[in-house]
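**Q** Give the three-dimensional model of this entry:
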Amino acid sequence: MSGTTLENGPPSSSTSSFSTLKQEEVSSNLVSSSPNLVEMTAPTESSDTSRHEAVTNKRASLNRSNTLPKDMSKAESVVVLNRDKLQQFRQWMLCIVVAYFDVDYGPKVESIHPAVELNPQECENIAFSAFPDTSHGATSIHIHSFRIRSDYARRLSIPDDVEETLKYKQDDGFLYGYSAFLQQKDKTSKRGYSQRSIIFLTRHQFPALFSAAIATAIPMFQKHGNEMLETAIHGISSWPALQAGATLELGFLGSILHVEIPKSIDQQQLTETASFGEAFDPHLHILASHPPLEYAAVEIFQAILPSLWSLWECIVLAEPIFLYAPSPAIASAAIWWLRDWVRPLPMAGDFRPYFTIHDPDHKRFMNKNAPMAGIMIGTTNPFLYEECKHWPHIVSLTPSKTTPSPGPTPGFKTTHRRYISKDRVLLKQLETAMHKAATNSTSRTGSSSSHERLSVSNLLRQHFAARARALLVPLNRYLTTLMPIQPSASTLSITGNSSPASTFQANAQRQRARAESTERLAPFSTVDMMASLEKNGSPLPFKSSSRRREFYQRWLRTPAFGAWLVREEEVVNRVLAERREPASSANATSSLTN
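**A** Residues are numbered from 1 along each chain as shown. Coordinates of the predicted model:
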């Protein structure tokens, strides 16, 4: 399961001596592309369909090394799918990547299944993102997720009918990696153990689905290796078409995944409205876009529970958030929870569940300038914190320590002044649940405490979802005033001297002209919107009317508002187009009859 650690021995080691070298460079402002720091496996070149069937090796110029693996067969895929099966597989997943830790060079991509043409920089980013900074225990499994910018994602094509069915934004230029890191004893290794990761690479924000799938896969990979990959890929290529709002049973490695797909990427999937036909059971059912359930929100954020309302406002107002955590699993789970809490508001800013110093966007994000609006970064690297100390909002989820830590002090450091009153009744419930969980953990009733943590975490989701919907009430109210009035067929004139054909043609022309000129939303006016807000108010419990006004003025300047308005205009225009069709047919019939 996500974040589960199985320890069979005392060894404690860094998975990345290379990362230590890199961090020393950062601390002295000497981050550079030094030659021969890391050796990357040249990716197998193929296209999405026809070139996939003819797997070939191509020597690629590497950005950090001028060396290549001597055994190029390692880069070859163990699976070749026909065109139809590959297309079906790619609806759900791009590929499965296997990476390993080389003592001399650091993390490297070993193989890609089915073969995908990723450039060396993308392979390097995937490899480093798939490994934790440190690992403890001779045998351990860690599961986390990450999001990376990708040229391949921008040029990847999905059939038009799939795009129409999904109604998701597919071309955001990012790939989502769901990674399982495995460390196990290995007498042939220099350090006595091997370290490998398998990564499910996809374009979908389905953390609950793919975290559950990879948690199922990693023990089998540990036992069967590439045979498991082949079985998994053939299984996924047999999954039904990916449809928005569908409830599906997906066969995977001998188990059945009961999954609900969201209707849109901005829909918050709630357990109360799940479509499984029975009460939601987190052990049986999966809400695809839900954050991974292995870490309850109240457990992750227990050190800053009273500050969650301020943190939520910062995300809504597109403030930059730097989040420091003790592990990639906690960092990525925390970012997924924060992203989930703003639904149904669009997430217009960049977010990285687990960010490493080797990401190509490192220098663009982390410099002396003011951070980008709306960005959320999750990391475990204290050197990145040193670069981001000037950020206005820093969350530290590290446990309290009696000895100094290189990372930030646990808590929430912010310059934000809250606009909306917190729900103190809910806060008391959260604190009580955590107190009971701590008590139960000492009395060995862990299952009941885990259930309670998930239950109150769900209350927190419902609460912030309700606040996000309440935020939009004044916007939706004003938007209805911009809707056009439907033209009436009775206003179309018929002259006695006109023939039916000429009358029909004239009326059709007038109808088209009228529709084109009137059947659209009137322009959005910030002044009129604010006047409507002053008159009608907002259901959110603002501290004062002046704070309410300031909050909405700020939100109307965020990228999220622009994304929301575009989304609403698309919905309205689609409805208007559907409304025009029967009206045109009715007018045509009326003209011919007369």
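
**Q** How is the chain divided into domains?
**A** Listed domain ranges for the chain are 12-240, 486-593 (source: automatic domain parsing).

**Q** Can you pull the poorly scored residue ranges out of the stretch 101-250 of the chain?
**A** Applying pLDDT under 70 to the stretch 101-250 of the chain flags residues 135-139, 153-171.

**Q** Repeat the analysis, applying 80 as the threshold.
**A** The model of the stretch 101-250 of the chain has pLDDT under 80 over residues 134-140, 151-172, 186, 188-192.

**Q** do the same with the stretch 401-550 of the chain
**A** 401-407, 437-451, 484-521.

**Q** now the helices for the stretch 301-450 of the chain?
**A** With DSSP state H, counting those that start in this stretch as the criterion, the stretch 301-450 of the chain has helices at 308-316, 328-341, 362-365, 382-387, 424-442, 446-480.

**Q** can you list contacts of the first one?
**A** Helix 308-316 is contacted by residues 301, 304, 321, 338, 341-342, 345, 376, 393, 395, 412, 414, 416, 418-420, 422-423, 460, 464, 467-468, 471, 551, 555, 558, 560 when judged by Cβ atoms under 8 Å, 6 or more residues apart in numbering. No exception for glycine: its C-beta is placed from N, CA and C like everyone else's.

**Q** what's the angle from it to helix 328-341?
**A** 80 degrees (axes from the mean of the first three to the mean of the last three Cα atoms, to 10 degrees).

**Q** Check the offset of helix 308-316 from the chain's centre.
**A** 18 Å (Cα atoms, centre = their mean, to the nearest Å).

**Q** Next: the last one.
**A** With Cα atoms, centre = their mean as the basis, the distance from the averaged C-alpha position of helix 446-480 to the chain average is 18 Å.

**Q** Also the second one?
**A** Chain-centre distance of helix 328-341: 9 Å, with Cα atoms, centre = their mean.

**Q** Use 54 as the first number from now on
**A** Yep, numbering from 54; the last one is helix 381-394 now.

**Q** Out of the helices of the stretch 354-503 of the chain, which is the most enclosed?
**A** Mean neighbour counts were taken over these using mean count of other Cβ atoms under 10 Å, and the top value, a mean of 26, falls to helix 381-394.

**Q** Rounded mean pLDDT for that helix, please.
**A** For helix 381-394, the mean pLDDT works out to 97.

**Q** Report all helices and strands that it contacts.
**A** Applying 3 or more Cβ pairs under 8 Å, 6 or more residues apart in numbering; DSSP states H and E, one finds that helix 381-394 contacts strand 193-202, helix 350-353, helix 361-369, strand 374-377, strand 404-405, strand 429-432, helix 499-533.

**Q** right, and S164 touches V150 too?
**A** Yes: between S164 and V150 there is a contact at 7.5 Å, judged by Cβ atoms under 8 Å.

**Q** still on that earlier bit, now for the helices of the stretch 354-503 of the chain, which one comes closest to G288?
**A** Nearest of the helices of the stretch 354-503 of the chain to G288, taken as Cβ to Cβ: helix 381-394 at 24.9 Å.

**Q** Just give me the longest strand of the protein.
**A** The longest strand of the chain (DSSP state E) is strand 227-238.

**Q** Find the centremost residue of the protein, please.
**A** The centre of the chain sits closest to Q258, judged by Cα atoms, centre = their mean, with a distance of 4.1 Å.

**Q** name the element that residue belongs to?
**A** In the assignment (DSSP states H and E), Q258 maps to no helix and no strand.

**Q** quick one: contacts for it?
**A** Q258 touches 229, 318, 342, 392, counting by Cβ under 8 Å, 6+ apart.

**Q** Just put those in a markdown table and tack on distance to A265.
**A** What follows is these, written out as a markdown table (distance: Cβ to Cβ, whole Å):
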| residue | distance to A265 |
| --- | --- |
| Y229 | 15 |
| I318 | 19 |
| S342 | 13 |
| R392 | 18 |
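
**Q** Much appreciated, bye for now.
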